[in-house]
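Q: Quick check, what structure comes out for this input:
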Amino acid sequence: MRSIPRLFADITAALEDMHSIAIEGQRRDNALDMQVALAGHLREGVRGLDATVLALAKRLGVRVD
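A: Modelled structure (predicted):
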């Protein structure tokens, strides 16, 4: 089981990864297929982030609906 500080570190890392993807998505010269791929990466990142936040809540004993 991951520690609470480790879970916060994992969340921070995921946010940093999604930030770089979002920055790349702001380029004006991206082709449509690149934008679609970046959006998919963001969706995957959000799903992973949600799972980590739920694990954190569980470790903290907080109910999340």
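
Q: which outside residues touch stretch 22-39?
A: Here stretch 22-39 makes contact (C-beta atoms under 8 Å, 6 or more residues apart in numbering) with Ile21, Leu42. From N, CA and C alone the C-beta is placed, and that goes for glycine too.

Q: Now that stretch: buried residues?
A: Using 16 or more other C-beta atoms under 10 Å as the test for burial, stretch 22-39 gives Leu38.

Q: Low-confidence stretches in this structure?
A: The model of the chain has no residue with pLDDT under 70.

Q: Could you find the closest non-adjacent residue to the most centrally placed residue in it?
A: Closest residue to the average C-alpha location of the chain: Gly45 at 3.5 Å, with C-alpha atoms, centre = their mean. Nearest non-adjacent residue to Gly45, counting by C-beta to C-beta, 6 or more residues apart in numbering: Met18, 4.3 Å away.

Q: still on that earlier bit, for the helix or strand hosting the residue nearest to the centre of the chain, what is the distance to the chain centroid?
A: Using DSSP states H and E, Gly45 falls within helix 32-60. In terms of C-alpha atoms, centre = their mean, to the nearest Å, the centre of helix 32-60 is found 4 Å from the chain centre.
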